[in-house]
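> Build me a structure from this.
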Amino acid sequence: MRFVIGLGRGANETGEASQSLQRREASQSLQRREASSAPRKLGLRAVRTLGLCAVVLGASAATSGCNELDTERTPPKRASLGTEMYGILCDRVGAQALREDLTGASFRDLCHAKDGKFSDRVDATKLPAIDPNGKDVAGKPV
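This next block holds a predicted model:
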């Protein structure tokens, strides 16, 4: 960079020329930096492309061993809409009423027909055993 000190009227013109020169040198420096980073950008792009190709090839190799899609499946026999709704509602009520039965085994036959027949009682044998030392919030035995 050059600095020219002038006096009088020519000083302003020399200052403008100096600024123009500085701008040109900064532009050239930026172009050199961009030119040197272009191969790095190209290398990163190539690595990304190779990685994407590896993922696609790996996925296609993993799925090549799968069987063909069977469009001739036989759907399971379904109950009527009313029976399905009753089963869902009964499951929810049973889960709220019998919170200690985490699996729902005690009221399953009550909510879902077994061999075409519903049970009329909860199966107490599938409930967890009562704790003889159990106490409520007030400390009284349950």
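
> What is the neighbour count of residue 86?
16 (other C-beta atoms under 10 Å). C-beta coordinates here come from the backbone N, C-alpha and C atoms, glycine included.

> helix/strand/coil for it?
Assigned by DSSP: H, G, I helix; E, B strand; the rest coil, the conformation of residue 86 is helix.

> contacting residues around it?
residue 111 (C-beta atoms under 8 Å, 6 or more residues apart in numbering).

> Pull up the gap between it and residue 76, please.
According to C-beta to C-beta, to the nearest Å, residue 86 and residue 76 sit 18 Å apart.

> what do you get for residue 26?
Distance of residue 26 to residue 76, computed by C-beta to C-beta: 75 Å.

> out of the two, which sits in the more crowded spot?
Taking neighbours as other C-beta under 10 Å, residue 26 and residue 76 compare with residue 26 leading, 11 against 5.

> Okay, and the more buried one sits in which element?
When elements are defined using DSSP states H and E, residue 26 is found to belong to helix 9-63.

> tell me the pLDDT at residue 31?
Reading off the confidence values, residue 31 has pLDDT 68.

> no no, residue 41
67.

> for the one 5 residues further on, same thing?
With respect to pLDDT, residue 46 has a value of 78.

> contacting residues for residue 90?
When contacts are taken as C-beta under 8 Å, 6+ apart, residue 90 is in contact with 107, 110-111.

> Quick one: mean pLDDT over the strand or helix carrying it.
Remark: residue 90 resides in helix 81-97, with elements defined by DSSP H and E. Taken as a whole, helix 81-97 has a mean pLDDT of 95.

> In that helix, which residues are buried?
Buried residues in helix 81-97, counting neighbours by 16 or more other C-beta atoms under 10 Å, are found at 86-87, 90-91, 94.

> Tell me the one of those nearest residue 137?
Ranking the buried residues of helix 81-97 by separation from residue 137, with C-beta to C-beta as the measure, puts residue 94 on top at 24.4 Å.

> so who does the closest one touch?
Listed by C-beta under 8 Å, 6+ apart, the contact partners of residue 94 are 101, 104, 106-107, 110-111, 122.

> between the residues you listed, which has the most around it?
The member of these surrounded by the most neighbours (other C-beta under 10 Å) is residue 107, with 22 neighbours in all.
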